[in-house]
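Asks: Starting from these lines, generate the structure:
(chains A and B)
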Amino acid sequence: AQSVTQLGSHVSVSEGALVLLRCNYSSSVPPYLFWYVQYPNQGLQLLLKYTTGATLVKGINGFEAEFKKSETSFHLTKPSAHMSDAAEYFCAVNESGGSNYKLTFGKGTLLTVNP
Amino acid sequence: DGGITQSPKYLFRKEGQNVTLSCEQNLNHDAMYWYRQDPGQGLRLIYYSQIVNDFQKGDIAEGYSVSREKKESFPLTVTSAQKNPTAFYLCASSLGQGFNEQYFGPGTRLTVT
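Replies: Predicted coordinates:
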């Protein structure tokens, strides 16, 4: 069984500060990992994904995440927060294998950016 | 422009009525999904379909039904058997071969009173 834990339901940072959103997963096989962003009353938009290969993944809007197998983590970072980054962020996991298309989502982290 | 359309954006119904939420995609994706989102709960999978005329229950299928008669369309019916139907409903789609990321529609907010 797979699960996703996002530490911190609410993270607050100052504009220009480092953004760090934490995600840990449990999976019995190498996972596919995703980060999505959701603005109020909108759908989810893919920020970045890890499938295989390089463990440091770069996404849109200056975000990146690093897959650390030993720590079963896939934390999302951005060096300098912008007001437009305020949104809810979701980590999601799928066990590789091909036939299973299902994603399991974390409960989300609401990011607030203070001026 | 390619994408996923959900209509309507807001929907209001009286308790005891069935209601159908629309989801259409023109991305030529084989797989489609329905999620329910409640505050602090993340997204929970209701139903998914990997090909036309086939679908599977997700984690919270009770009180919901779907059909997949066309590749482009995956409507969700919230029946009167769903005990707490008020929520934000999200439809998504993905390419069917291997595993690919899911693309989401803008969502429908359903309020049942």
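Asks: From the centroid of the chain, which residue is nearest?
Replies: No chain was given, so I picked chain A. residue A:35 (3.4 Å; Cα atoms, centre = their mean).
Asks: Please refer instead to chain B.
Replies: Note: chain B centre (Cα atoms, centre = their mean) maps to residue B:34, 2.9 Å.
Asks: what about that residue, which SS state?
Replies: At residue B:34 the chain is in strand, as set by DSSP: H, G, I helix; E, B strand; the rest coil.
Asks: For chain A, give me the ranges with low pLDDT.
Replies: Applying pLDDT under 70 to chain A picks out residues A:1-2, A:96-100.
Asks: what about the closest residue to chain B within it, neighbour count?
Replies: As assessed by Cβ to the nearest Cβ, chain B sits closest to residue A:43 within chain A, at 3.6 Å. Just so you know, the C-beta spots here come from the backbone N, C-alpha and C atoms, and that holds for glycine as well. With neighbours defined by other Cβ atoms under 10 Å in any protein chain shown, the count for residue A:43 comes to 21.
Asks: How many residues are close by the closest residue in space to it that isn't next to it in sequence?
Replies: Take residue A:43 and drop its neighbours on the chain: the residue closest to it by Cβ to Cβ, 6 or more residues apart in numbering or on different chains is residue B:104, 3.6 Å away. Residue B:104 has 23 neighbouring residues, counting by other Cβ under 10 Å.
Asks: ok, now residue A:23?
Replies: Neighbour count of residue A:23, defined by other Cβ under 10 Å: 24.
Asks: which residue sits closest to the residue nearest to the centre of chain A in space, ignoring its chain neighbours?
Replies: residue A:47 (4.4 Å).
Asks: go on, residue A:19?
Replies: residue A:78 (4.1 Å).
Asks: check contacts around the one you found.
Replies: By Cβ atoms under 8 Å, 6 or more residues apart in numbering or on different chains, the contact set of residue A:78 is A:18-19, A:61-64, A:85.
Asks: Max pairwise distance over these: which two?
Replies: A:18 and A:61 (14.7 Å; Cβ to Cβ).
Asks: In chain B, which residue sits closest to chain A?
Replies: For chain B, Cβ to the nearest Cβ, closest residue to chain A: residue B:104, 3.6 Å.
Asks: Dig out what that residue forms beta bridges with.
Replies: Following DSSP bridges, residue B:104 is listed with bridge partners residue B:92.
Asks: quick one: it and residue B:91 touch, right?
Replies: Yes - using Cβ atoms under 8 Å, residue B:104 is in contact with residue B:91, at 7.2 Å.
Asks: what touches both of the two?
Replies: The contact lists of residue B:104 and residue B:91 share residue B:4, where a contact means Cβ under 8 Å, 6+ apart.
Asks: What segments of chain B are strands?
Replies: B:4-7, B:10-13, B:19-25, B:31-38, B:42-51, B:54-57, B:64-66, B:76-78, B:87-94, B:103-104, B:108-112 (DSSP state E).
Asks: Would you format these as JSON lines with mean pLDDT included?
Replies: Formatted as JSON lines, the strands of chain B follow (pLDDT from 0 to 100):
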{"stretch": "strand B:4-7", "mean pLDDT": "95"}
{"stretch": "strand B:10-13", "mean pLDDT": "94"}
{"stretch": "strand B:19-25", "mean pLDDT": "97"}
{"stretch": "strand B:31-38", "mean pLDDT": "95"}
{"stretch": "strand B:42-51", "mean pLDDT": "92"}
{"stretch": "strand B:54-57", "mean pLDDT": "94"}
{"stretch": "strand B:64-66", "mean pLDDT": "97"}
{"stretch": "strand B:76-78", "mean pLDDT": "97"}
{"stretch": "strand B:87-94", "mean pLDDT": "95"}
{"stretch": "strand B:103-104", "mean pLDDT": "94"}
{"stretch": "strand B:108-112", "mean pLDDT": "95"}
